[in-house]
Structure formats: structure tokens, C-alpha cells
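> quick check, what structure comes out for this input:
(chains A and B)
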There are 2 protein chains.
Amino acid sequence: MGAGKTTALRAVADAGLETTEVDELMEAELGMPIRRAFEELGEEGFRAREAEVVGELLERADGGAIALGGGSVLSERVRAALARHVVVWLEVSAEDAWRRIEGTQRPLARTFEDVQRLFAVREPVYEELADAIVMAADTGVVSRALPAILALRELPAGTSLLWAVSDSGEYPVMVGEKLLGRWWPLDGRRFCVTDTDVAGLYAERLEPLEARVEVEPGEQAKTLAEAERVLRELTEAGMLRSDHVAALGGGVVGDLAGFCAHTYQRGVPVVQVPTTVVAQVDSAYGGKTGVDLPQGKNYVGAYHQPAGVLADVATLRSLPGEELAAGWVEVVKTGLLAGGRLWDEVLAAGPPAGVPDEERRRIVLACARFKCAVVAADERDSGARQTLNLGHTVGHAIEAATGYRRYRHGEAVGLGLLAALSLSDAGELRATVRGLLADAGLPLVLDGSVDPDAVLASIQRDKKRTAAGVTFVLLAEPGAPRPGQIVDPDRVERAVRELYE
Amino acid sequence: MGAGKTTALRAVADAGLETTEVDELMEAELGMPIRRAFEELGEEGFRAREAEVVGELLERADGGAIALGGGSVLSERVRAALARHVVVWLEVSAEDAWRRIEGTQRPLARTFEDVQRLFAVREPVYEELADAIVMAADTGVVSRALPAILALRELPAGTSLLWAVSDSGEYPVMVGEKLLGRWWPLDGRRFCVTDTDVAGLYAERLEPLEARVEVEPGEQAKTLAEAERVLRELTEAGMLRSDHVAALGGGVVGDLAGFCAHTYQRGVPVVQVPTTVVAQVDSAYGGKTGVDLPQGKNYVGAYHQPAGVLADVATLRSLPGEELAAGWVEVVKTGLLAGGRLWDEVLAAGPPAGVPDEERRRIVLACARFKCAVVAADERDSGARQTLNLGHTVGHAIEAATGYRRYRHGEAVGLGLLAALSLSDAGELRATVRGLLADAGLPLVLDGSVDPDAVLASIQRDKKRTAAGVTFVLLAEPGAPRPGQIVDPDRVERAVRELYE
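Numbers count the residues shown, from 1 in each chain, chains lettered A, B, ... in the order given. Sure, this is the predicted structure:
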């Protein structure tokens, strides 16, 4: 309720689809307004009739669009009948929903607390049923998302669409298996930027490509010199402002290609096609792009929201075990930040190598949703988004102090998570996370050859340093991060030295 | 009328200044509503009383803010009395004004045509009187512009403020003489990027500076390698996200420093301090930043609106004559695009070296206003802004074909203007512009050593090329540019070959 179903249905009707509003249908069937039917039949009686009417409708409906009442999905028959439909969840917060419906006298939602109770029960059901999740925005959002929603009809079962919204733009995120080559969010000519490893595996599936620019795999490709080489090759290949970049690969390729797209003739769109865990659960979303300087990671960059993201979890199968494990650290981080169901799921998933594709799909989608929600609230990193840096202050410092060679990004961030939890006085949670890292075969201690003073000096050069000092994201319990915390330097030193034990 | 004077006055009152609304004062003086006073006294009688009341008010008022009726300035006494005040013009288009006042039954503005007539008479008066011009935006704009407006009280007489507005931000533009060191739009620490020529002349006046990074003068500084060097030096100097860049110099420094500010840790503010004609009349405004690739000028860049612009025309005195002349070409271009009073002023000004400072100030301000208005309408270069490219398609190609060494940017654009006017079949106007270039001592023909085929090939690589081909801005008469014109290649070739004659 209050999500904008009626407006959405109008957009769908404008696009030429047949539409049915279940509330209207029910009122016609019952011969009275919903409110009165609730009074006369009671909630249970009403739901029983609703399940019949809606169930039958869903079982025979074909090709059109139906706006379901928010409570219809509580019926098992309705849920079963939805299996043959593309289910779109218009996601709205309880606060926004209440703002919109306050004063409309809904029988089940007379107070904000009623709305919160309904949401607590229904949201997990929506999440389970939804093929497409459209983040609440203005009234035109469903109309803009419609092509991507309709595309779901042709994509493999289990594909999910998230319509991500932020201040500077909105875009479709497709998560599924075997998506490459099946869908593309933009018209126009594609210019692929990828690395030499990934190119051989997947670039062909993105055809037709006007050109393919390859970089060496690994963080050392994230330099301005490499960006210049890529930009020159795109120029030589004749890329125009009306063309776009396809960033195929992990976080490094996504950051570099996104930066090149942002700066190529002052900006062309980029479609992110992440092929690693880090990229699929984190870095492909939210528009941070950039390259490194010798002085620090991502010191040069820009915000450039993607025009779309294709996360095909089948590509994770080709990852070496250590890469998969290192990437999983971002899943652990996201679970810690999100808390609740996602954290439970991370704990239950076990070592990354053994997680089945279907569960990976669910986790990737949940992480993408969490990330996109954070970015929606704070695109430019002035508040909520800083929480995503959990574990990264020390993690980045470890990478910098070891020349980005000794540890994979995820391995360093794993150690950074342990340090952050120490700084948060969260000993038990630190032990839990240490257990997850251990199960994944990730490093639990810093190698003795790494100079602790170099790590500490790197921390002091942190990009997010403010005039008041270096800040940390602290977290005493899952779901409750506290960004922007200034920590006593002695405690930081102890937390780093603890990483050698 | 309809500019938002009442809202503006409220913002000023909120800031603690005493405020007077002249319309209210008049109604109190006359004991009747303005509309009735108009009927009873006639316009002439009303204006006479108004001139007395307002004249007296202005002659004695001190320290507060007064909202003048739009017609008050028609009185000579009022205009004379305004000399001791800071005059703020809330600039609104006739269209917007009409939208706001339609139906309010103003005696002099019963139809849109009335409004247009009033604007035609009054705008030149406002332009003449205004110390500050605030571009119409939301109702909060005057409140945000207030610190810059109040700063005018302490700045040299003749200083003008333009409050520039565009989709991605708004900023103060100060135009005057001897401004450096007298005013700064931002708090926080300043890091200066400049060139070795300008550094010695003016960098000291921007103190306190945390650091100064210098590049070699000239287009060859606009590379990604130089950008990286600047970014590294800023890093080494300890620049934080809460700090900002001061770009002191001409177009090259502005573009390079702006690009570095845009990308430094994903963005810090930049204050543009243009010291050349091109920069003061054109490139400092509107947020285009970037560097070159060997394949073309500004092939790598981003939009990054300045946090403020300080255009001190006193800095133009230190320019070599050839630089001044080359820069003047952008004034000619702006005059051609704007038409009307600005074009008349350009024609009347004569050779650039002989233009007095006061007239330079006026011309710089007029060009800045024109540029900012175009950017306000089309920040991302999808329509109106492309008109600013008049003369630049061939101009850039000449620069590229000669390795950016043979001609100054302005010299190449001057030749480009001649080519564009040929393509526009504007023979007479071409002759006029040729005369202006000749008077300024600028090249009128391409040097025989320049390969015409190289120029033609460069045109084909134009950054603004669309899938349909290279587009030109054509202009058959001043004030009437037509962007996005596809021209027959034979005609382009003839126009280029004509430049050798």
C-alpha cells in the first residue's frame, strides 16, 4: 500500500498492455467497497474470497499486467499462481508508505505502527516472490523500468531485476545465470573494456562489439597511464559520444573502464558486467570509478553511475578458489553492515566454494540491493555511504604498504574487518568473522614481513581523512555501523599489531 | 515584476538586515493601493510621487535592503541616488515573469506583450545600474547569494557580481579590477594550480595558500601525464576532500586544474581565477574541464562547475599584445552569438589593445553573462551549448593539424570563424569579422606550410561528430546561431581552402 501501484498500472496501460486492478475487481465481485467488505466479512473472510478471485485470475491471465493488493500474497494459492508471472515489487519504505496513505482510512493501516507491522510480515514474502524490485522514486519510474521488466519474460528462470535509483540517475541491475548475450540495457554501439583473462572467457558473449580494449589483470592496471592507453584505443576505434562502454571483468576493470567512460569526451555511458564476487556484490553498483596513485588507492576518480549492470553468477564458476574466497569478504562485510536476514544468510552459507549457484544468486541480489539502497540515501559519500568502508581503512593501508602485491584486495579487507571489529570492542563478533575467514581459507594474520609502521603510516594517508583525523567505521553488532569515528592512535596501533598474532 | 523581490527581501531580513519594500511604502504614503494610485494619478503622476519618495529613501538609507519597484529606476533622481547603494538585479526572463504574474492584474502588465515591452525598455537600465545580477532560480537563491552580494560593499567600485546558476550547481562570478586578494568565495584551505609565468605575477595575491603547483605555460600542459603530476603534488601537499583548488591562469590552467579538482579523490571544489581574455570571457565558466589526447583537444574531461570565478581585468594588462589579440577572438565569437547590444559593443570597441579597463570590465561581464545563460539552458552540451562552438570545429582542426604549436588557440578560432561564416553564406559578416581580426593584428590566412588535407582530416575526427557526420555551428547574422548543421564535405573543403587566399 502506498507504493504507487495505480500509477504504475497506468504506465503499463500507456505502453499498450492490458491491465487489471485487483482492488477494483474485488469491489465488482463483492458489490461493495473493500472497506465495507472487510467489515462485513472480517479479514479472514475477505482474504478467502480474495484468494479465490485473484487465484483464478492469475491462473488464467496471460500477457497483461495485474496490480495486486498488498495482502493478496498471503494466500498460498495466490503465491503458487504467481510462479507463472513476472512479479514486480514496488519497494517503498514504511515511512514513505505511511506518508502517502495517512488519512485514507485503510482498515489494516490506521497508524504508522500498523504499517510497520504489515511490512515486517509482508516484506520477506515480497522479497521471496519478486522477479523485479523497483526502488521507489517519482511516479514515472515504472514506465522507465518497463523495458527491463518486460525483458524478464525472455530471460532464464531465476533472473532478478533490481531497478536502482540514486540522485544522479537510475539503472537496471540484472542478476541471474547465463545472462551474458541474452540482454543488454542500451541501444547504440558497444566498446568493451576488459582484462586479458576475462576477455577469452566471456567477451564473445557481449557481441556485437565495435572494439575490445584489454588491460592486464590486477590492480596494477588502475593507473592514469593505463586509463590514457584505454582512452586512446577507444579514440582510435572511433568511439563517439552516442556510443558506450561495456566494462567486463572484476573491480579493477569496472573502476578503470568506468573512469574512462566518465572522462571520454566528458562522458559516455558504461554498462558494468561484473565477473567477480567483489564486483557483483559491491563495486559494480553506485558509480564510484577511478584509478590509483602511488600515494593511495582510488586517489583519482569520479562518480559515474552505470547505465546498467549485468551480474551473471555463472561467471563466478571460472574464478580460482582464492579469488572466490577473497571476494567473499565483501559478502561478509555487507552482511555485517546489513545485519538481519542477510547476515543470517551469510552465516548459514558456509565456505564460498560450496555455495550453490542459486544461493549465490540470492546473496548477490541481496548485497546489490543493500549497496544500492545505501547509495540512494547518500550518493556522494557524505554520510551513510561511508559505512561501506567498513574494514577498508586498514585494508587499503595493508594493500598500500605491501605495494598491492602481497594480498588480494579481499584478503586485505578481511584483515581490515578484524581490525575494525577490534576497534569496535566487538570481540565475539570478531571471532565469528575470523571463523568465516578461516573457513574460506583466507589469511587471519598479517605476514611477519609486512612492516607494521608502514601500515600505520598508510592509514594516516587515508583518502577519507578529515581535518579532525582519520575516521573509521565501527560496528559493535551486525546491522549497526557507525561511520566517521575518530579513534585514538594508540588503539589503532594495537589493532594493527594484533593482526600479527 | 515577477522576479521574486518579496521572497528575496525576506531572505535578507532573515539574515538580520533592515528591509523596506517600496511598494508598501508607496501605499502607506499615498494611502491607497498602487493600482488605485495608478488610476487616480495616472502613470506619470504616480512616477513623479514615486521618484520623490524613493529618491528621498535612497538618499538617506544606510545599511539595510530595499526592494524597488521595477519602474522606479526610470526616474533620474532614483538612478542618481542608487550610486551610493549596491544594486541587485534579480534577472528573470519575460516568459518566467509573465508565468508568475499572469492573473495578478498589474496595471502596466495586462498581457505578455506588455511584459515584453516593459522588459525591452527596462533591461538596459537594469544592466547599467546593477552591481549584482542574480540569475533566476528557486526562491532560496538570494539567500545563498547574499554573502557574495554583501561582499560587494567592501570591493572596489565598478566590481560586478554575477550569480551563475546551472543544473549541477550555482556560483558567484566577480568581475572587476584589483580583486585578487580582496575576496574569496570559499572557506577552507586553498591549493593553487598555476603556470610558471602567472605564478610570479599573481600567486602571492591569493595567499594564504597551502601549496602551489606549477605547470609549464601552453597547451602542452594539458595531458593526462601532467594531470597525474599535479594530482601527485596535491597529494604530497596533503590536500583533503574538505580543501579546494585555486586555478590561477588562462584556459589551459583552468581546464587542467578543473580536471584535477574533479578527479582528486573523486572531487574537490575549484575556484577559477582567469588571467587571460579567453578564460575571463569564456572558459572559466560552465564547468568544462579536461586535457588533450594526441588524437584531439579535450578528448578527456569532465563537467565540474567552479565554486566561484574571480575575473580581475587588471591581470589582462600583463598580457603580451599577441595574447590579448588572440583572446579577443572569443569576444568576437561571443558578440556574434549574442548579437544585439553585445555585438554593437564589440564593433565599437576597436582593437583590443586600445580598449580601456572600464570597457573591458563591461565586455567581460557581458560575455560571462551570455556564456552562463547558455550553460544554464544546456549544461551538458546537448543543444544550445553547442552554439558556443562557433568557429571551433575548423579552429580545433587547425590546431591539431599543426601540433598546437603554429597558432594560438584564438588565432586558430579566428580562422575558424571565417570558415564558419563562409559555410553560412554570410559574406558581408565574414568581411566585418575579417576586419576585426585585421585590426587586432590577427592572422587572416592560413600559412602555406599548413597541409589543408591534414586540417580536413582533423575536422573528420571532431569530438562532437555524431553518427550522421561532423556538425557545424552556422550563423548568417549576429545573434542567430544554428548548431548541429551537417555540411556537404565539398563545401567544407572549399571553406578551408579559402583560408589560404
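
> in a helix, A:Ala48, correct?
Yes. Assigned with DSSP: H, G, I helix; E, B strand; the rest coil, A:Ala48 falls within a helix.

> what number of residues lie near it?
Residues near A:Ala48, counting by other C-beta atoms under 10 Å in any protein chain shown, number 13. Backbone N, C-alpha and C define where each C-beta goes, glycine included.

> and what of A:Arg79?
Count around A:Arg79 with other C-beta under 10 Å applied: 18.

> for the helix or strand of chain A with the lowest mean pLDDT, which positions count as buried?
Ranking every helix and strand in chain A by mean pLDDT, DSSP states H and E puts helix A:94-101 at the bottom, with a mean of 86. Buried residues in helix A:94-101, counted by 16 or more other C-beta atoms under 10 Å in any protein chain shown: A:94, A:97-98, A:101.

> after that helix, which helix or strand is next?
Per DSSP states H and E, the first helix or strand lying C-terminal to helix A:94-101 is helix A:112-129.

> near chain B, which residues of chain A are found?
Contact residues (C-beta under 8 Å from any C-beta of the partner chain) of chain A with chain B: A:224-225, A:227-228, A:231-232, A:235-236, A:240-242, A:262-267, A:288, A:290, A:293-296, A:298-303, A:381, A:463-467.

> phi first, then psi, for A:Gly218.
phi 110, psi 160 (degrees, to the nearest 10).

> any idea how many residues pack against it?
Residues lying near A:Gly218 (other C-beta under 10 Å) number 14.

> which residue packs closest to it, ignoring adjacent ones?
A:Val252 (6.6 Å; C-beta to C-beta, 6 or more residues apart in numbering or on different chains).

> what helix or strand does the one you found sit in?
helix A:251-263.

> the helix or strand hosting A:Leu324 packs against which elements?
A:Leu324 is located in helix A:321-338, with elements delineated by DSSP H and E. In terms of contacts (3 or more C-beta pairs under 8 Å, 6 or more residues apart in numbering or on different chains; DSSP states H and E), helix A:321-338 is packed against helix A:277-278, helix A:340-349, helix A:357-377, helix A:409-423, helix A:427-439.

> a markdown table for the buried residues of helix A:94-101, including distance to A:Thr315?
A markdown table is the format used below for those (distance: C-beta to C-beta, whole Å):
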| residue | distance to A:Thr315 |
| --- | --- |
| A:Ala94 | 36 |
| A:Ala97 | 37 |
| A:Trp98 | 41 |
| A:Ile101 | 42 |
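
> quick check, central residue of chain A?
A:Ala368 (1.2 Å; C-alpha atoms, centre = their mean).

> quick revisit: what separates the least confident helix or strand of chain A from the chain centre, distance-wise?
Relative to its chain's centre, helix A:94-101 lies at 24 Å (C-alpha atoms, centre = their mean, to the nearest Å).

> that one to helix A:112-129, inter-axis angle?
Angle, helix A:94-101 to helix A:112-129, by axes from the mean of the first three to the mean of the last three C-alpha atoms, to 10 degrees: 110 degrees.

> return helix A:94-101 as PDB; C-alpha atoms alone will do.
Output of helix A:94-101 as PDB, limited to C-alpha atoms (Å, rounded to 0.1, in the frame of the first residue of the first chain):
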ATOM      1  CA  ALA A  94       7.200   2.000   5.700                       C
ATOM      2  CA  GLU A  95       7.800   5.800   6.300                       C
ATOM      3  CA  ASP A  96       7.100   6.700   2.700                       C
ATOM      4  CA  ALA A  97       4.100   4.400   2.500                       C
ATOM      5  CA  TRP A  98       2.600   6.000   5.700                       C
ATOM      6  CA  ARG A  99       3.200   9.500   4.400                       C
ATOM      7  CA  ARG A 100       1.200   8.600   1.300                       C
ATOM      8  CA  ILE A 101      -1.700   6.700   2.800                       C
END
